[in-house]
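*Asks:* need coordinates for the below:
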Amino acid sequence: MSTYAGPLKWFSLAKDILTYVNANTTAKYGRAAVVPGLIAWDGCDCGALYLMVNQTYACETFPMQKVEADLSEGCSAPYEGAELVLQVMQCAPSPQGQSSAPAVAAQENAAMLVRRDAYETYRAVNSFLCTARADRDVEDFIVDAQMVQGPSGGCVGTELRFRVALTWE
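*Replies:* Model (predicted):
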């Protein structure tokens, strides 16, 4: 039986992924939490790492969200999939004094930080899920898009989306 079962399986998986990512990245996040929804980027929470389970779905051929069996007759798909979203938030450079734009050096430092965070979080999520698949804790996974967010509300960062399949209970 998989490590992840029961009504809180997706929360437990998310918590384990978040803990692993937090321990295996250079950044020292002041806040790391499994959250109920996407975080608004309208006010900066510098140094934050958030993970949410965006959607769950039944599937016969992961990662496709397709079920051909008639579930009303007691049949079920072999897998339950979920899309998870990892958000990394750092402070964005902002104008100082009379300047209408942040300093170039501050912009470049922020760009380096975003690229490092993106690289390390992608690698950490992939590493955790590779091990979980080898240990048969998850059936399969796919890491989707990673996009830069911001700057907005004093924040800049990335958002990584990935999908995981567990055996349907």
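*Asks:* those strands in this structure, which residues are they?
*Replies:* 31-34, 48-59, 79-91, 140-152, 155-167 (DSSP state E).
*Asks:* would you mind listing the buried residues in the shortest one?
*Replies:* Going back to what we said before, that points to strand 31-34. 32, 34 (16 or more other C-beta atoms under 10 Å). Yep, even glycine has a C-beta here, placed from its N, CA and C like the rest.
*Asks:* sheet partners, orientation included, of that strand?
*Replies:* Here strand 31-34 is paired, per DSSP bridges, with strand 48-59 (parallel).
*Asks:* quick one: low-confidence residue ranges for the protein.
*Replies:* 1, 41-45, 66-75, 96-97, 99, 169 (pLDDT under 70).
*Asks:* residues in contact with the residue of the chain most remote from its centre?
*Replies:* The centre of the chain is farthest from one residue, Q98, which by C-alpha atoms, centre = their mean lies 37.7 Å away. Going by C-beta atoms under 8 Å, 6 or more residues apart in numbering, Q98 touches no other residue.
*Asks:* need the strands of the chain in JSON lines with distance to T25, can you?
*Replies:* JSON lines is the format used below for the strands of the chain (distance: least, C-beta to C-beta, whole Å):
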{"stretch": "strand 31-34", "distance to T25": "10"}
{"stretch": "strand 48-59", "distance to T25": "8"}
{"stretch": "strand 79-91", "distance to T25": "9"}
{"stretch": "strand 140-152", "distance to T25": "14"}
{"stretch": "strand 155-167", "distance to T25": "12"}
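*Asks:* for the ones you listed, which one sits closest to Y4?
*Replies:* The minimum distance between Y4 and the strands of the chain falls on strand 155-167, with 5.6 Å, by C-beta to C-beta.
*Asks:* now the closest one: buried residues?
*Replies:* Neighbour count says strand 155-167 has 155-160, 162-166 buried, by 16+ other C-beta under 10 Å.
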